[in-house]
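Asker: how would this look folded up:
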Amino acid sequence: MFRPMRRNRQQLSQTECEAILKEGTSGVLAVEGDEGYPYAVPLSYLYEDGKLYFHCAKSGHKLDALRRNPKVSFCVIGQDQISPQEYTTYFRSVILFGTARELEDEGEKYAAVERLALKYAPDDPPARREAYIRKEYDLLCMVEVAVEHVTGKECIELVRKREK
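Answerer: A predicted model of the protein is given here:
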């Protein structure tokens with residue numbers, strides 16, 4: 001169902017892919033947008049246990065697209081270092097494919113929002129975090145993406161460097 005990577009020598013291991021997904025702070029979600037046009041939007045996210053979580057407004061282009069077709073892809077760039085003297089970029093990136101669903105259960109939704117908040121504000125006192133979540137909670141929708149396929153790739157220069 002999913003294509004094998006053409007340049008498989010540059011393919012990252014599943015462990016390396018998961019590390020990039022867990023450490024990343026932003027990625028680009030791609031969905032089938034209006035009139036069949038692709039719609040790709042950057043967003044903050046949480047990745048854990050083979051699932052991706054993000055929040056959005058309760059209405060809008062992204063949510064309309066997900067409701068029409070829940071299949072998505074998501075890309076995270078873990079490294080992007082330009083080397084002008086070599087005319088190349090030292091990159092590492094991951095792309096995943098999965099199926100999205102809105103979290104309807106209040107307990108499930110709240111737990112996901114809290115884990116997302118912990119990722120981005122780990123030192124915030126629990127009472128402050130809870131107050132902030134409660135203030136914004138009714139305005140947001142939480143989405144979970146069940147990951148079906150993940151691949152990662154790095155530039156050939158990093159492969160060669162590692163092989164030495």
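
Asker: Run through the helices of this structure in chain order.
Answerer: Applying DSSP state H to the chain gives helices spanning 14-23, 61-68, 106-120, 126-137, 156-163.

Asker: Run through who's touching the last one.
Answerer: Contacts to helix 156-163, defined as C-beta atoms under 8 Å, 6 or more residues apart in numbering, come from residues 7, 9-10, 83, 86, 88, 90, 92. (C-beta placed from N, C-alpha, C; glycine too.)

Asker: Go through these and name the one nearest C17.
Answerer: Checking the contacts of helix 156-163 against C17 by C-beta to C-beta gives R92 as the nearest, at 9.5 Å.

Asker: how much space between the closest one and E18?
Answerer: R92 sits 13 Å away from E18, going by C-beta to C-beta, to the nearest Å.

Asker: before we move on, what about L63?
Answerer: Note on L63: its distance to E18, by C-beta to C-beta, is 27 Å.

Asker: One more: L158?
Answerer: Here L158 is placed at a distance of 18 Å from E18 (C-beta to C-beta).

Asker: Give me the helix or strand of the chain that scores worst on average pLDDT.
Answerer: In the chain, no helix or strand scores lower on mean pLDDT, DSSP states H and E than helix 156-163, which sits at a mean of 88.

Asker: CA atoms only for it, dumped as PDB, please.
Answerer: Coordinates of each C-alpha in helix 156-163 appear next as PDB, following Å, rounded to 0.1, in the frame of the first residue of the first chain:
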ATOM      1  CA  ILE A 156      23.600  11.100   1.700                       C
ATOM      2  CA  GLU A 157      26.400  13.100   3.300                       C
ATOM      3  CA  LEU A 158      25.200  12.100   6.800                       C
ATOM      4  CA  VAL A 159      25.100   8.500   5.700                       C
ATOM      5  CA  ARG A 160      28.600   8.600   4.400                       C
ATOM      6  CA  LYS A 161      29.800  10.400   7.600                       C
ATOM      7  CA  ARG A 162      28.200   7.700   9.800                       C
ATOM      8  CA  GLU A 163      29.700   4.900   7.600                       C
END
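
Asker: which of the residues in that helix are buried?
Answerer: Neighbour-count burial for helix 156-163, counted by 16 or more other C-beta atoms under 10 Å, picks out L158.
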